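>>> model this:
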Amino acid sequence: MKTFLIIGGGLVGLATAYKLGLRFPDARITVLEKESEVCKHQSGNNSGVLHTGLYYAPGSYKARLCVAGQREMIEFCQANNVPHDVCGKLVVATNENELSRLKKLLERGMQNGLQGLQRLDGDEIQEFEPHARGVAALRVPQTGIADYPRVGAVLVEKVVSQNSRVVTNAKVINCSVFNGQWTVQTTAGDFQADYMITCAGLYSDRVSEMFGEQRAVRVLPFRGEYFRLKKSREHLVRNLIYPVADPRFPFLGVHFTRMMRGGVECGPNAVLAFAREGYRKTQISPKDLFDALTFSGFWNFMGKHWRIANSELRRSVSKKLFAQSLQKLVPEIQEDDLEIGGAGVRAQAMYPNGNLVDDFLFVERANALHVLNAPSPAATASLAIGSAVVEKVAEKFS
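Residues are numbered from 1 along each chain as shown. Have a look, this model is predicted:
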């Protein structure tokens, strides 16, 4: 009997366990999650968007797995009564300088196989978003929203129904390997397996290092902060309104998202978090901060992007500046329309030269596979990522 351990109970870890159980129905599969419940971090603290693959380099993991994963995620939601809505989004160019980037987005989306993309002139924008303004826009009808925490809960049910286990409060303390057999010490006891898969999100670099990998990349935590529109102003946004992303930076810019559980979120920005679980500005982890500040990649990154980083930081401390960014898309927005919302922390892997790892990153070994970089759109793509991981694992046993 094959035995597998999966470290990490976020959407990627749970989807991998589910797909592994389908491929190897007689295997013993155990998911280890350090928190008291699954999907506690990136999987449960995001904007809930069903991404389409619009932004990603053709042929990349992100492009292929997002496109396939979104289709599968929608089917999964439909089959399991998970709240979701394929409502579409607009990417709005607010000045003439952004038109060339909007055109490139359209071309990239078509290369990635997106159907129904529609370029809108400025006066056509109001047909879809009456309060948005711009010189042109790209309508992406396949984009949607989903209740990802509910997706995680359903995946747990499916994994358990396959006679696999999901063990919470199981933080990895140490590990060893002898004669090809892994032994993992956790706060919930010891576990053994023939094959190890790590999907540790914010701790992917540290966990993989525990299993013998060199830290060729380092995870940097970027906090994304949100505001919410006051209830009386939610009518200003029908669905999703995005700016044209700055290609020099890996984030999509502050935008409007109608939430599956109600309300409209505005954001996020992107600032370095002083803790890998730093959802508040005041949260500081000396270990995490030291890890970031002693990494050459961080300083190389700041040297290249200090202007953008400074802008993001200023927006983090100024509600007025945050509102001004939103006004470029919806001019009627006022500072008083914004209420403090939540925050998420994105695990972004970075090379020592300061370049961000701009694709999903998998590292394969004889008896282990490490998912080292799986930021957005990993929630959308999670089922497809799980399938891709299982295919890689299956090759080891063929």
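>>> helices of this structure, residue ranges please.
11-23, 61-79, 99-111, 148-161, 204-210, 286-293, 296-317, 319-327, 378-397 (DSSP state H).
>>> go through those and name the closest to Thr257.
helix 319-327 (11.9 Å; CB to CB). Just so you know, the C-beta spots here come from the backbone N, C-alpha and C atoms, and that holds for glycine as well.
>>> which other helices and strands contact that closest one?
Helices and strands touching helix 319-327, by 3 or more CB pairs under 8 Å, 6 or more residues apart in numbering; DSSP states H and E, are strand 264-267, helix 296-317, strand 338-350.
>>> compare the ones you listed and say which comes out lowest on pLDDT.
Note on the helices and strands packed on helix 319-327: helix 296-317 shows the lowest mean pLDDT, a mean of 92.
>>> still on that earlier bit, deepest of the helices of the chain, which one?
A comparison of the helices of the chain by mean neighbour count, using mean count of other CB atoms under 10 Å, puts helix 11-23 on top with a mean of 26.
>>> sorry, back to before: can you tell me which of the helices of the chain has the worst average pLDDT?
Among these, helix 296-317 carries the lowest mean pLDDT, a mean of 92.
>>> which outside residues touch that helix?
218, 220, 225, 246, 248-249, 254, 269-272, 281, 292, 321-322, 325, 350-356 (CB atoms under 8 Å, 6 or more residues apart in numbering).
>>> CA atoms of that helix as CSV?
What follows is helix 296-317, C-alpha atoms only, in CSV (Å, rounded to 0.1, in the frame of the first residue of the first chain):
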residue,chain,number,x,y,z
SER,A,296,19.7,39.9,-0.6
GLY,A,297,16.6,39.4,-2.9
PHE,A,298,14.6,41.8,-0.8
TRP,A,299,17.1,44.6,-1.2
ASN,A,300,17.6,43.9,-4.9
PHE,A,301,13.8,44.0,-5.3
MET,A,302,13.5,47.3,-3.4
GLY,A,303,16.3,48.8,-5.5
LYS,A,304,14.3,48.0,-8.7
HIS,A,305,10.8,48.9,-7.4
TRP,A,306,11.3,51.5,-4.7
ARG,A,307,9.0,54.0,-6.3
ILE,A,308,6.1,51.5,-6.5
ALA,A,309,6.8,50.2,-3.0
ASN,A,310,6.8,53.8,-1.7
SER,A,311,3.4,54.4,-3.4
GLU,A,312,2.0,51.2,-1.9
LEU,A,313,3.2,52.1,1.6
ARG,A,314,1.8,55.6,1.4
ARG,A,315,-1.6,54.2,0.3
SER,A,316,-1.4,51.8,3.2
VAL,A,317,-1.3,54.6,5.8
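>>> what's the distance between it and the middle of its chain?
Offset of helix 296-317 from its chain centre (CA atoms, centre = their mean, to the nearest Å): 20 Å.
>>> likewise stretch 73-88?
With CA atoms, centre = their mean, you get 18 Å for stretch 73-88.
>>> what's the end-to-end length of it?
End-to-end span of stretch 73-88 (CA to CA, to the nearest Å): 16 Å.
>>> returning to what we had before: the helices of the chain: which one's closest to Ser43?
Closest approach to Ser43 among these (CB to CB): helix 11-23, 4.3 Å.
>>> Throw the helices of the chain into CSV and include distance to Lys34, thanks.
Below are the helices of the chain laid out as CSV (distance: least, CB to CB, whole Å):
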stretch, distance to Lys34
helix 11-23, 11
helix 61-79, 25
helix 99-111, 37
helix 148-161, 15
helix 204-210, 10
helix 286-293, 15
helix 296-317, 25
helix 319-327, 33
helix 378-397, 18
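>>> could you chop the protein up by domain?
Taking automatic domain parsing as the criterion, the chain consists of the domains 3-45+149-217+359-397, 89-141, 218-356.
>>> which among those is found nearest to Glu75?
Each of the domains of the chain has some distance to Glu75 by CB to CB; the shortest is domain 3-45+149-217+359-397, at 9.0 Å.
>>> how long is that closest one end to end?
Termini of domain 3-45+149-217+359-397 sit 12 Å apart (CA to CA).
>>> and for stretch 38-49?
Span of stretch 38-49 from end to end, CA to CA: 19 Å.
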